[in-house]
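>>> Here you go, sequence then predicted model.
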Amino acid sequence: MNRPFLVAEWRHLAMLNFEIEPAVLHPFIPVGTELDEWNGKTFLSLVGFQFLRTRILGVPIPFHRNFTEINLRFYVRRKAKEGWRRGVVFIKEFVPRWAIAFVARRIYNENYVACEMASRVELPTTSDDRGSVEYSWTVGGVRNRLQAGFAGSPLPLVPGSPEEFLTEHYWGYVRRRDGGTTEYQVDHPPWRVWRAESSRTRSQTTRTLGSPRQ
């Protein structure tokens, strides 16, 4: 039995999901896969979360077990012997560790970028409380933020719901430089979810006008 490529706890996810025309994503679809749809709709997701207790091929990497990630992804499927394998394709991924980005680019051809990042998580302590998450990443002197607010307690996934479609994917697909496709397995337990009461993204220039580029 093949060992999963990546095992980790993905915590405090904030997902902004956008319906998108399938033609926009066609140039990014790996060979052997096809776009996965929910009720005839194609989605693109901007996701911020915390990677905790990460293991690569079963091995914990010192100083690289816990970190923040932001990614832009969409959803595909591939027909295997046991049936459809539902997976994701990452258009871009941001992490704060240059070693993670380097290995992912060189070995797995994933579109990782290392940059300055920050996160803030405030969870509700009672069913009447409100909580919020914020993830930020700075690229090219521009600081970007992903924010969401929510309330109450998280709920189990409902079969057939959009939340189930967007979160229950256990495969990743990558377009290789030679034109082929790499498939890897991702292991995570089913998540409980909040529906955001508010959400937004924004960008802010952090470089002072006239200052030299780093």
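Happy to help now that I have it.
>>> which is the next helix or strand following the lowest-mean-pLDDT helix or strand in the chain?
Sorting the helices and strands of the chain by mean pLDDT, DSSP states H and E puts strand 59-60 at the bottom, at a mean of 53. Proceeding C-terminally, strand 59-60 gives way to strand 67-80 as the next helix or strand, assigned by DSSP states H and E.
>>> Report the backbone C-alpha coordinates of that next one in CSV.
The C-alpha trace of strand 67-80 is given here as CSV (Å, rounded to 0.1, in the frame of the first residue of the first chain):
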residue,chain,number,x,y,z
PHE,A,67,3.2,26.9,9.6
THR,A,68,0.6,29.0,7.7
GLU,A,69,-0.4,28.5,4.1
ILE,A,70,-2.5,30.5,1.6
ASN,A,71,-3.4,28.8,-1.6
LEU,A,72,-5.5,29.4,-4.7
ARG,A,73,-7.0,26.1,-5.9
PHE,A,74,-9.7,24.4,-8.0
TYR,A,75,-11.2,21.0,-8.2
VAL,A,76,-10.7,18.0,-10.5
ARG,A,77,-11.4,14.3,-10.6
ARG,A,78,-9.7,11.3,-12.2
LYS,A,79,-11.2,7.9,-13.0
ALA,A,80,-9.3,5.1,-11.2
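>>> Work out the sheet partners of it and label each with its direction, please.
Here the strand partners of strand 67-80, with direction, are listed using DSSP bridges: strand 34-35 (antiparallel), strand 43-56 (antiparallel), strand 83-95 (antiparallel).
>>> Just put the ones you listed in a markdown table and tack on mean pLDDT and distance to Thr182.
Bear in mind the C-beta positions are built from the backbone N, C-alpha and C, glycine included. What follows is those, written out as a markdown table (pLDDT from 0 to 100; distance: least, Cβ to Cβ, whole Å):
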| stretch | mean pLDDT | distance to Thr182 |
| --- | --- | --- |
| strand 34-35 | 98 | 17 |
| strand 43-56 | 82 | 15 |
| strand 83-95 | 95 | 11 |
